[in-house]
Structure formats: C-alpha cells, structure tokens
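Participant: Any chance you can model this:
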Amino acid sequence: MTHVLVTGAAGFIGARLVQVLADRGYSVTGVDCFLPDLYSAEMKKTRFESLEGLQGVTLVEADLRTDDLSDLGSPNVVVNEAAMPGLTKSWEDLQLYMDNNVMALDRVIRQTSSDQLTQFIQISTSSVYGRIAEGAEDSTTNPFSPYGVSKLAAEKLGFAHRDNFGLPFSVLRYFSVYGPGHRPDMAYHRFLAAARDNTPITIYGDGSQRRTNTYVDDCVEGTINAIERAAPGEIYNLSGTESYSLNEALDMIRDITGVALAVRYEPVRAGDQKETKGAIAKAQSELGYQPQWSLQDGLAAEWDWIRTL
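Facilitator: Numbering: from 1, shown residues only. Okay, here's the model as predicted:
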C-alpha cells in the first residue's frame, strides 16, 4: 500500500486531498500546526479533527519549521501542501513566508528522503509567473509579490536537491482554487459570504482582472494523478479552463444567490495579479488531468456550503 505524507493537511485543499486519498485506499499521514497568521487556527483545527477516524489516516500535529519530524515516518510519496499563503501579508512579514515556504520545505525534504521515496510533489502557485500568469510551464517566472518570490524559491530549492542528491521532485502550480471549504480571505468566499449576510463587497481594482479558477475537486484529482503519473523533474500547471473577470463572476453570484450585491471599488493592492490563465496541455497529456467543473456549478456548490456556516 502506498504511504502518502500530506503536509498542510488542515488546509482547504490539503484536507480534501487526505479525504479522497483515504477513500481510494492509500495510507496517509497528515501533518499541520494550524498557523493562525492568515485566518482562524480553530477553523483549521476543526477541519483537521474531521479527518480523525478515516481508514488508513494518521494525523500528526507538528510545526514543520521547528518541531521534531520523526513521526512523519518514511513515506513513498510526499505532497507538500503546507505553505503560508496570501499576497498582501507577504509585504508585511517576509520572514514568515520564507520560514514556512522555504525553510520548512528543506526540513521536510531532509526528513523524508529515503530509498522508499518515489515522489516528492511540491505544491506551487500561478503567482510565480508574475502579474500576468499565462502560458505553458516553461514561461518566464517573474513573481509580483514576496509570496510569489518565496514559492519560486521553494521550487528552486527542491530542484537543487534533485540535481545534487536525486530527490524525485516535481511541481504542481495551482491556479486560483475555490469551492466548499474555501479560505475566508479569498475573493469568492468573501463575495458569497457578503451575499449571505447582505453586506458590501470590496473589489481592489476595477474588477476587470481575470482568472481561470480551479474547483477544489478538480485540483485534488489532478494532484492524485500526479502522485500516480508525474515524472520527477517536471512542472505542471493545474487550472480550470474558463476565464472570467471578477465583474463577470459577481454577475454569476447575483444569479446564483438572487441577491443584489453592493460593490465598492478600491485601488489595486500591491502584488495583485492582473490575469491568470493556466495552460494545462502538459497536465492533460502527461497526467490525464481533465477539469470537470464550470465556474457556475462550482460557485453554486460553494454557496450551498457557505449558507451552512
């Protein structure tokens, strides 16, 4: 039985990945420390505890930056979902991002490297491309925020371990993941919560910025495909296929919720991307990745979830 270590297992995507891996018969170790710096540690802890009792799942509470990591065992596969996300906060505390996104990765690599390790999958982001994130995986990387800089540094660190020591390292670059469980600081969560609570929505910029959003279940499927098929040394984009501006997404939310949204526009924030448009031909051909969810259906599913909170 393949043993998969999932770091960041209390996160939005990490928790869903653990659930699906367990359903498919993998042995899974999930680790998290419930970072409180961007949103509630209690929310993360509740999500983590919901994984208890899943067949084949072992949970470890540990801080990858500082704690003893010997409880992580000797996995066959590592999926490093753990990270400090968020563009705006990265301007305020770069040390926090470097410690979580680079130094912690180095500790996980050193702890888990063994003859049993066949895949080390680093979860990265469209933010490494820069203000305009489009094109294939060999496009120029020019991060537009300290967060993007830290994530690109993590990629480079992993490839250095591969080139020097043979680490079976590959990279998945996620594009704007959303859906039930979505982080509360993210745009679609904020928009849908505002529709539920009848409160104003703030857009930074004029709303013309565009995204090819990735529904969380499509993201998880692509990640599992990578566990089974990714070639070490390769980079893969995981993205949806539909491109919408924020204004178009707001119109969609009005239709889904039946709420007349009150929207105000503020100046663009430093580090915000103008467009993300993931090119996924490589993931489709090499990983069998095929996103299934439309934004309309994905937002409706997230709306159903948000109304339960």
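Participant: Domain ranges for this protein, per the record?
Facilitator: 3-177+213-238, 179-210+242-273+293-306 (automatic domain parsing).
Participant: right, so of those domains, which gets closest to Ile280?
Facilitator: domain 3-177+213-238 (5.3 Å; C-beta to C-beta). C-beta: built from backbone N, CA, C; applies to glycine.
Participant: for the closest one, how far is the first residue from the last?
Facilitator: By C-alpha to C-alpha, to the nearest Å, the extent of domain 3-177+213-238 from end to end equals 23 Å.
Participant: follow-up on the earlier one: which of the domains of the chain sits most buried?
Facilitator: domain 3-177+213-238 (a mean of 20; mean count of other C-beta atoms under 10 Å).
Participant: residue with max distance from the center of the chain?
Facilitator: Relative to the centre of the chain, the most outlying C-alpha is that of Ala260, 30.5 Å out, by C-alpha atoms, centre = their mean.
Participant: Go ahead and confirm that residue touches Arg254.
Facilitator: Yes - counting by C-beta atoms under 8 Å, Arg254 is a contact partner of Ala260 at 6.9 Å.
Participant: re earlier: SS state for the residue farthest from the centre of the chain?
Facilitator: Of the three states, Ala260 takes coil according to DSSP: H, G, I helix; E, B strand; the rest coil.
Participant: Kindly provide the distance from it to Ile203.
Facilitator: With distances taken as C-beta to C-beta, to the nearest Å, Ala260 is found 16 Å from Ile203.
Participant: quick one, phi/psi of Thr29?
Facilitator: phi -110, psi 120 (degrees, to the nearest 10).
Participant: Okay, and the beta partners of it?
Facilitator: Leu5, Thr58 (DSSP bridges).
Participant: And for stretch 214-225, what's in contact with it?
Facilitator: Here stretch 214-225 makes contact (C-beta atoms under 8 Å, 6 or more residues apart in numbering) with 12-13, 16-17, 20-21, 24, 79, 121, 123, 172, 174-182, 236, 238-240, 278, 283, 287-289, 291-293, 297-298, 301.
Participant: quick one: which of these sit in helices?
Facilitator: Of the positions in the contacts of stretch 214-225, Phe12, Ile13, Arg16, Leu17, Val20, Leu21, Ala283, Leu287, Asp297, Gly298, Ala301 sit in helices, assigned by DSSP state H.
Participant: The fourth one touches Asn80, doesn't it?
Facilitator: Translated: Leu17. No - with contact defined as C-beta under 8 Å, Leu17 does not reach Asn80; the gap is 11.4 Å.
Participant: re earlier: residues in contact with the residue farthest from the centre of the chain?
Facilitator: Under the criterion of C-beta under 8 Å, 6+ apart, the neighbours of Ala260 are Arg254.
Participant: Show the pLDDT at the closest residue to Pro180 other than its chain neighbours.
Facilitator: Nearest non-adjacent residue to Pro180, counting by C-beta to C-beta, 6 or more residues apart in numbering: Trp305, 3.6 Å away. What the model reports for Trp305 is a pLDDT of 97.
Participant: likewise Ala270?
Facilitator: Ala270 is given a pLDDT of 85.
Participant: what's the answer for Glu234, then?
Facilitator: In this model, Glu234 carries a pLDDT of 98.
Participant: Spatially, what comes nearest to it if we skip its sequence neighbours?
Facilitator: Ser170 (5.1 Å).
Participant: Give me the phi and psi for that neighbour.
Facilitator: phi -140, psi 170.
Participant: For it, which residues are in contact?
Facilitator: Ser170 touches Gln119, Phe120, Ile121, Gln122, Ala226, Ala230, Ala231, Pro232, Gly233, Glu234, Ile235, Tyr236, counting by C-beta under 8 Å, 6+ apart.
Participant: Could you do Val263 as well?
Facilitator: Pro200, Ile201, Thr202, Ile203, Gly207, Leu250.
Participant: where does stretch 10-17 sit relative to the chain's centre, distance-wise?
Facilitator: Centroid separation between stretch 10-17 and its chain, computed with C-alpha atoms, centre = their mean, to the nearest Å, is 9 Å.
Participant: Convert that stretch to CSV, retaining C-alpha atoms only.
Facilitator: Extracted C-alpha coordinates of stretch 10-17, given in CSV (Å, rounded to 0.1, in the frame of the first residue of the first chain):
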residue,chain,number,x,y,z
ALA,A,10,-5.7,21.1,7.9
GLY,A,11,-5.8,23.5,4.9
PHE,A,12,-8.6,23.9,2.4
ILE,A,13,-7.0,21.7,-0.3
GLY,A,14,-4.9,19.5,2.0
ALA,A,15,-7.8,18.3,4.0
ARG,A,16,-9.8,17.4,0.9
LEU,A,17,-6.8,15.6,-0.6
